[in-house]
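Colleague: can't give you the sequence, but here's the structure:
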C-alpha cells in the first residue's frame with residue numbers, strides 16, 4: 001500500500017473555538033477566543049496525517065467567498081488541494097468549551113450545492129480518487145446534496161478504492177453505511193442510531209459493532225470520549241482507555257483518532273499498536289485548541305500511559 005491518502009470533506013467549516021465558564025442562555029457570555037481554524041472532519045484527518053509524514057490530498061467543496069483561509073492552510077502544510085469551488089460561503093461553526101469540559105456546538109449553515117455541481121464533483125473525484133489505495137470520507141453533507149446521490153457515489157468510490165474510511169453522523173451516516181465502507185468510526189450515539197436501540201453497556205456496544213462488521217464492514221471503531229474506544233475486526237476486539245488529559249477543547253478528537261488509525265494501518269502496524277497510537281493522538285488533541293500539533297515526545301508518553309485490553313471469546317458476539 002502506498003503512503004498517500006486522500007480525504008474528502010463535503011461540508012467543511014471555519015471552527016471558531018472559545019473557552020468560557022458556565023454558559024448562561026439569554027444573557028451576555030464572555031468568551032476567551034482560542035482560535036479560528038479552517039477545518040472540517042476530513043481536513044482535520046489530513047492535518048494529523050501530514051504531521052505524521054503522510055502525503056495527503058484533500059477534496060470536497062469550498063465556498064468561493066471565504067476560501068482564502070483554507071487555501072493558505074493547505075499551502076503552509078504542503079497538502080495537495082483538489083477542492084471544488086462553489087458559490088457562497090463556507091460555514092462557521094462555533095465550539096464553546098466550559099470549565100467542566102462540556103462542549104457546546106453552534107453549527108451555522110453555509111453554501112448550497114446544485115445538482116450540476118454535485119454531478120461534476122462525483123465524476124471528477126472518482127477519477128483522481130482511483131489513484132489512492134486509501135480514502136477517508138468524513139463529515140456532514142452540505143445543503144443540496146441528496147442522500148441517494150451520496151450513497152451512489154460512495155458505492156462507486158468503493159469500486160475504485162480498496163480502503164474507504166468513513167466517519168459521519170445522522171442521515172449521512174446511514175446513507176454512507178449502505179456502501180459498506182472498509183472502516184467506520186461511529187460514536188456510541190451514532191451506533192445506537194444504526195442499531196435502532198440504546199446501547200447502555202460495553203457488551204451491548206461490542207455486540208452492535210460485531211453486527212455492523214458482519215454486514216460487510218472490515219473495521220468498526222466506536223469512539224467513547226474519555227472512556228476510550230472499541231475496535232472490532234476479523235482479528236478480534238480491543239478496548240482502549242486514554243490517559244487523563246486537561247481538556248482545552250474536544251473539537252477534532254475523533255478526527256485525530258481516525259488519522260492515527262489510518263496512519264497505523266497504512267504503515268502496516270499491528271492492531272494493538274495502531275489503536276494505542278490513535279488513542280494517544282486523540283488524547284493529545286483534547287489538550288490543544290487546534291488539530292494537528294503533534295509533539296513526538298509527548299505522544300510517546302501518552303502511548304505508554306494508554307491502556308489496551310483484548311476481549312476474548314469474540315465469536316460470542318456474532
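Modeller: Perfect, thanks for sending it. Computed from a predicted structure; not experimentally measured.
Colleague: for the helix or strand residue 92 falls within, packing partners?
Modeller: Here residue 92, judged by DSSP states H and E, is contained in strand 91-97. Using 3 or more Cβ pairs under 8 Å, 6 or more residues apart in numbering; DSSP states H and E as the contact test, the elements touching strand 91-97 are strand 13-19, strand 103-107. C-beta: built from backbone N, CA, C; applies to glycine.
Colleague: rerun that using 10 Å as the cut-off
Modeller: Packing partners of strand 91-97 (3 or more Cβ pairs under 10 Å, 6 or more residues apart in numbering; DSSP states H and E): strand 13-19, strand 32-39, strand 103-107.
Colleague: could you check the angle strand 32-39 makes with the next helix or strand after the longest one?
Modeller: Counting by DSSP H and E, the element after strand 32-39 in chain order, helix or strand, is helix 41-51. Between the axis of helix 41-51 and that of strand 32-39 there is an angle of 90 degrees, by axes from the mean of the first three to the mean of the last three Cα atoms, to 10 degrees.
Colleague: quick one: helix 41-51 to strand 13-19, angle?
Modeller: 80 degrees.
Colleague: quick one: mean pLDDT for helix 41-51?
Modeller: Mean per-residue pLDDT for helix 41-51: 92.
Colleague: any idea how far it is from the chain center?
Modeller: 9 Å (Cα atoms, centre = their mean, to the nearest Å).
Colleague: do stretch 127-144 as well
Modeller: Per Cα atoms, centre = their mean, the centroid offset for stretch 127-144 relative to its chain is 12 Å.
Colleague: the closest residue to residue 67 other than its chain neighbours: what secondary structure?
Modeller: Excluding its sequence neighbours, the residue lying closest to residue 67 (Cβ to Cβ, 6 or more residues apart in numbering) is residue 85, at 6.4 Å. Three-state assignment for residue 85 (DSSP: H, G, I helix; E, B strand; the rest coil): strand.
Colleague: I'd like the distance from residue 85 to residue 57, if you could.
Modeller: 16 Å (Cβ to Cβ, to the nearest Å).
Colleague: tell me which of the two has more neighbours.
Modeller: residue 57 (20 against 14; other Cβ atoms under 10 Å).
Colleague: and the one helix or strand residue 210 maps to, what does it pack against?
Modeller: Assigned by DSSP H and E, residue 210 belongs to helix 202-214. Packing partners of helix 202-214 (3+ Cβ pairs under 10 Å, 6+ apart): strand 183-184, helix 188-195, strand 219-223, strand 229-233, strand 236-241, strand 307-311.
Colleague: neighbouring strands of the fourth one in the sheet, and parallel or not?
Modeller: It refers to strand 229-233. The pairing partners recorded for strand 229-233 under DSSP bridges are strand 219-223 (antiparallel), strand 236-241 (antiparallel).
Colleague: rewinding a little: what's next to the helix holding residue 210, contact-wise?
Modeller: With Cβ atoms under 10 Å, 6 or more residues apart in numbering as the test, helix 202-214 has contacts from 177, 180, 184, 186, 188, 191-192, 194-199, 201, 217, 219-222, 224, 227-228, 230-234, 237, 239, 311, 314-318.
Colleague: buried subset of these?
Modeller: Among the contacts of helix 202-214, the ones that count as buried by 16 or more other Cβ atoms under 10 Å are 177, 180, 184, 186, 188, 191-192, 194-195, 199, 217, 219-222, 224, 228, 230-233, 237, 239, 311, 314, 317.
Colleague: so in this structure, where's the weakest helix or strand by average pLDDT?
Modeller: Lowest on mean pLDDT, DSSP states H and E among the helices and strands of the chain sits helix 296-305, with a mean of 75.
Colleague: the stretch 51-200 of the chain: helices as residue ranges?
Modeller: 68-77, 115-129, 147-160, 170-177, 188-195 (DSSP state H, counting those that start in this stretch).
Colleague: doesn't residue 165 make contact with residue 255?
Modeller: No. Here residue 255 lies out of contact with residue 165, judged by Cβ atoms under 10 Å, at a distance of 11.1 Å.
Colleague: which non-adjacent residue is nearest residue 150?
Modeller: Closest residue to residue 150 apart from its sequence neighbours, by Cβ to Cβ, 6+ apart: residue 175 at 5.1 Å.
Colleague: the helix holding residue 210 to strand 236-241, inter-axis angle?
Modeller: Orientation of helix 202-214 against strand 236-241 (the same axes, to 10 degrees) gives an angle of 130 degrees.
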